[in-house]
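[1] Mind folding the following:
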Amino acid sequence: MTTIETPLRRDALAGEGDGSVPAQRQRNARLILSAVLIGLGAWTIHDFLPALAWAAVLSIAFWPLYEKALRRFPPGKHNVLLPGLFTLGVGLLFGLPLAVVLFEAVREAHSVLDLYRQATTSGIPVPEFVSHLPFGADAVTHWWQDNLAGGLQTHGLAERVNKAKAAEIGRTVGGQVVHRTVLFFFALMTLFFLFKEGDDVVRQCLDASNKAFGAKGERVARQMVASIHGTVDGLVLVGLGEGFIMGIAYAFAGVPHPILFGALTAVGAMVPFAVTVVFLIVGAVLVASGSVVAAILIVVGGSVLAFLADHLIRPVLIGGTTRLPFLWVLFGILGGVETWGLVGLFVGPALMAAIVLLWREYTEGRRPYGKGPEARPESRPAAAPSLARQN
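    Now for the predicted structure:
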């Protein structure tokens, strides 16, 4: 009996002979299915992706300290106590300052409300510092008396405020506070499991990276981890230091609520150039209270401190660990904040570090290991068990 060979029949026979065609189709199908499932999964949990990113950043930042604690106090069978203590410590480290800032902000809101009520009834008197201005004192005084000093006129201005809009802003702010609080707790929950299962997670990531990209994938991952460590040291620690120093200066200068303004300074110092706005606000508060000299000292002294931190300390801490130029550090920080929000402070420099590493390997080439002092040690086969242990 004669078998008719069609083109499809010939392709099937050829595929049965060497297995290349069906295997290729299966690989393509698996890739498509994996991409679809990953996309659907990311879309399902996209609201919680910032919490996962924060948990990853915090676990990388605190992993060296956690490993030291593991060696000092070996975990038991269930390994729950040490991850729980570290998660609680991280939560208190970030939660307590935020609670203090929120408490101070609510208390200040009452002061602003009292000032608003005073403005609508009896007006706002001309501040004493206006008469001490070096120039323009008469013009400012006349404008203030015409627009703000009289209760009826001020009440007329206050009537223009849209109360419905103010209520809508209040509801929006309250909703954002609740939403971000929930994300904070989810980040802590994820952080607990990362501490608990960290070795397994790192091993699985390294295995997947080696299968997909070879040794280069591990080098890129190490570069990104080093960048996160440097960013935590350069942004968070330096920012907290600036906030602590300026908080003491605020207290001596007579700034009201120095703790609140010190916390705002620490947060602003984590974003390049943002802390200058805080200094100007503090200076304006001091000028309003009549302390012009103290305001000048705070603005000038704070700007000098920020300049030294941004141009001397941070480039060493952030770029020194990864040989990342400060310009790319700056682009990574600003672009990361613009794209990813606050977590972009760490994601942006990590991405820039990975891109710069790939560019250097592409442009400089790789010399074979063991042929002179210029040979690169990273040409050796990768054998490090933990990405976070490099710090």
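[2] Show the contacting residues for residue 352.
    227, 324, 328, 329, 331, 332 (CB atoms under 8 Å, 6 or more residues apart in numbering). For every residue, glycine as well, the C-beta is placed using N, CA and C.
[3] out of those residues, who's nearest residue 256?
    Of all these, residue 256 sits closest to residue 329, with 35.2 Å by CB to CB.
[4] wait, doesn't that closest one sit right on residue 316?
    No. Look at residue 329 against residue 316 with CB atoms under 8 Å: they stay out of range, at 10.8 Å.
[5] Tell me which residues are up against stretch 50-57.
    45, 183-184, 186-188, 190-191, 194, 228, 232, 340-341, 343, 346-347.
[6] Among those residues, which lie within helices?
    183, 184, 186, 187, 188, 190, 191, 194, 228, 340, 346, 347 (DSSP state H).
[7] Just the buried subset of the contacts of stretch 50-57, please.
    Neighbour-count burial (16 or more other CB atoms under 10 Å) applied to the contacts of stretch 50-57 gives 183-184, 186-188, 190-191, 194, 228, 232, 340, 343, 346-347.
[8] In TSV: those residues, plus distance to residue 79 and pLDDT.
    Shown next, in TSV, are those (distance: CB to CB, whole Å; pLDDT from 0 to 100):
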residue	distance to residue 79	pLDDT
183	26	86
184	24	87
186	21	90
187	20	89
188	17	90
190	16	90
191	15	91
194	12	89
228	24	82
232	25	80
340	32	80
343	27	82
346	27	82
347	29	83
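[9] Take the residues you listed and lay them out in JSON lines including distance to residue 24.
    Putting the buried ones among the contacts of stretch 50-57 into JSON lines (distance: CB to CB, whole Å) gives the following:
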{"residue": "183", "distance to residue 24": "43"}
{"residue": "184", "distance to residue 24": "47"}
{"residue": "186", "distance to residue 24": "41"}
{"residue": "187", "distance to residue 24": "42"}
{"residue": "188", "distance to residue 24": "45"}
{"residue": "190", "distance to residue 24": "38"}
{"residue": "191", "distance to residue 24": "42"}
{"residue": "194", "distance to residue 24": "37"}
{"residue": "228", "distance to residue 24": "38"}
{"residue": "232", "distance to residue 24": "44"}
{"residue": "340", "distance to residue 24": "37"}
{"residue": "343", "distance to residue 24": "39"}
{"residue": "346", "distance to residue 24": "40"}
{"residue": "347", "distance to residue 24": "36"}
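[10] Of those residues, just say which sits nearest to residue 357.
    residue 228 (14.0 Å).
[11] Report the contact partners of that closest one.
    Per CB under 8 Å, 6+ apart, neighbours of residue 228: 57, 60, 61, 346, 349, 350.
[12] before we move on, the earlier item: just flag the most distant two among the contacts of residue 352.
    Most distant of the contacts of residue 352, by CB to CB, are 227 and 331, 13.0 Å apart.
[13] Comparing these two, which shows the higher neighbour count?
    Neighbours per residue (other CB atoms under 10 Å) separate residue 227 from residue 331, with residue 227 holding more: 30 against 14.
[14] Residue 329 and residue 316: which has the busier surroundings?
    residue 329 (26 against 13).
[15] That one and residue 314, how far apart?
    8 Å (CB to CB, to the nearest Å).
[16] Of the buried ones among the contacts of stretch 50-57, which is the nearest to residue 305?
    So of the buried ones among the contacts of stretch 50-57, ranked by how close each gets to residue 305 (CB to CB), first place is residue 232, at 20.1 Å.
[17] If you tally nearby residues, what's the number for the residue nearest to the closest one when sequence neighbours are not counted?
    Spatial nearest neighbour of residue 232, excluding adjacent residues (CB to CB, 6 or more residues apart in numbering): residue 61 at 4.4 Å. A count of nearby residues for residue 61, using other CB under 10 Å, gives 21.
[18] confidence score at residue 61?
    Listed pLDDT for residue 61 reads 85.
[19] Pretty sure it sits against residue 230.
    No. When contacts are counted by CB under 8 Å, residue 61 is not listed as touching residue 230 (10.5 Å).
[20] Report all helices and strands that the helix or strand residue 199 falls within contacts.
    Per DSSP states H and E: residue 199 is located in helix 198-213. Applying 3 or more CB pairs under 8 Å, 6 or more residues apart in numbering; DSSP states H and E, we find helix 198-213 packed against helix 49-72, helix 215-231.
[21] what's the most buried one of those helices?
    Highest mean neighbour count among the helices and strands packed on helix 198-213 (mean count of other CB atoms under 10 Å): helix 215-231, with a mean of 22.
[22] Next, the angle from that one to helix 49-72.
    90 degrees (axes from the mean of the first three to the mean of the last three CA atoms, to 10 degrees).
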